[in-house]
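Undergrad: Dropping the sequence and predicted coords here.
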Amino acid sequence: MRPSDGEEQLMGVARLARMAFADVDLGPLRARLLERLAWNGKDANALLELSVVGGMTVHTMDPVEIFPYKPPQLRKVFGAFRQTL
């Protein structure tokens, strides 16, 4: 989306993290951020949010068979995060 067309407001890291921890599908947001970066590769705010979306998605998709130590640790992190909300 071109800025002159009414650029979409960014959400911020905290809101993105809440969405990821609530198992919201971040795929559509990822697509919009990639589109925004395709139009303006210097959009540091969109790049930051895209990196958060990517990080949150990757950690929840890692196969347990390969990373058996992750689920217990992620549950601790997610639980601590939820308590702070």
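TA: That came in fine, so what should we check first? What you are looking at is a predicted structure, and each value in this text was computed from that prediction instead of being measured.

Undergrad: Quick one: residues contacting the residue nearest the centre of the chain.
TA: The chain has V53 as the residue nearest its centroid, 1.8 Å off, counting by CA atoms, centre = their mean. Applying CB atoms under 8 Å, 6 or more residues apart in numbering to V53 gives the contacts L16, A20, L26, L29, R30, L33. C-betas here are computed from N, CA, C, even on glycine.

Undergrad: Repeat that for L48.
TA: With CB under 8 Å, 6+ apart, L48 has these contacts: V13.

Undergrad: What distance do you get for it to W39?
TA: Counting by CB to CB, to the nearest Å, the gap from L48 to W39 is 16 Å.

Undergrad: go on, P63?
TA: For P63 relative to W39 (CB to CB), the value is 35 Å.

Undergrad: Equivalent analysis for L29, please.
TA: 16 Å.

Undergrad: secondary structure element for F78?
TA: helix 70-84 (DSSP states H and E).

Undergrad: Give me the buried positions along that helix.
TA: F78 (16 or more other CB atoms under 10 Å).

Undergrad: Packing partners of that helix?
TA: helix 13-21, helix 44-61 (3 or more CB pairs under 8 Å, 6 or more residues apart in numbering; DSSP states H and E).
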